[in-house]
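K.L.:
Need coordinates for the following:
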Amino acid sequence: MTAQALHDFVYVGVFLLAAVLFAISPLIASWLIGGRSVGAKRAETYESGMPAIGSAWIQFSVAYYIYALIFLAFDVDVLYLFPVALAYDKGFFIRDFIEIVIFIGILSLAIVYAWRKGVFTWQKRR
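P.N.:
Numbers count the residues shown, from 1 in each chain. Here you go, the predicted model:
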């Protein structure tokens, strides 16, 4: 192993050690500074200063999850449009425009599919 390769490993090792110290030091500081408590109140669930009423295990409608997944999918897809928009004026106008149209077309097909399946119809639970 050459001296340069050893130097590179030491360089990476120093950064790794610094990263571990930065991750562990807040945990150690809070353990040293933080107060300790024991008792029944310690085991209670704390939610925004309000006492817990009932069980946390309730069933939600699957529609909430579907809306969340659709939002997440389209949010990530729109995120991919930003680099294309920034690089749009770099000389490949026709190709970039066709790529954007295909991309938005696929997104539109996903919306039409979800609409046809009845995902966007909101019904009250009885």
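K.L.:
which helices and strands sit right next to the lowest-mean-pLDDT helix or strand in the chain?
P.N.:
Ranked by mean pLDDT, DSSP states H and E, the weakest helix or strand in the chain is helix 62-86, scoring a mean of 78. For helix 62-86, the elements it packs on are helix 93-116, judged by 3 or more CB pairs under 8 Å, 6 or more residues apart in numbering; DSSP states H and E. Backbone N, C-alpha and C define where each C-beta goes, glycine included.
K.L.:
switch to 6 Å and redo it
P.N.:
With contacts defined as 3 or more CB pairs under 6 Å, 6 or more residues apart in numbering; DSSP states H and E, helix 62-86 has no helix or strand neighbours.
K.L.:
List the neighbours of that helix that are in contact with it.
P.N.:
Where contact means CB atoms under 6 Å, 6 or more residues apart in numbering, the residues beyond helix 62-86 that reach it are 107, 119.
K.L.:
what do you get if the cut-off is 8 Å, keeping everything else the same?
P.N.:
Under the criterion CB atoms under 8 Å, 6 or more residues apart in numbering, residues 96, 99, 100, 103, 107, 110, 114, 119, 122 lie in contact with helix 62-86.
K.L.:
Contact partners for the second one?
P.N.:
With contact set as CB under 8 Å, 6+ apart, residue 99 has these partners: residue 84.
K.L.:
where's it relative to residue 107, distance?
P.N.:
13 Å (CB to CB, to the nearest Å).
K.L.:
quick one on the thing from earlier: tell me the buried residues in the least confident helix or strand of the chain?
P.N.:
By neighbour count with 16 or more other CB atoms under 10 Å, helix 62-86 contains no buried residues.
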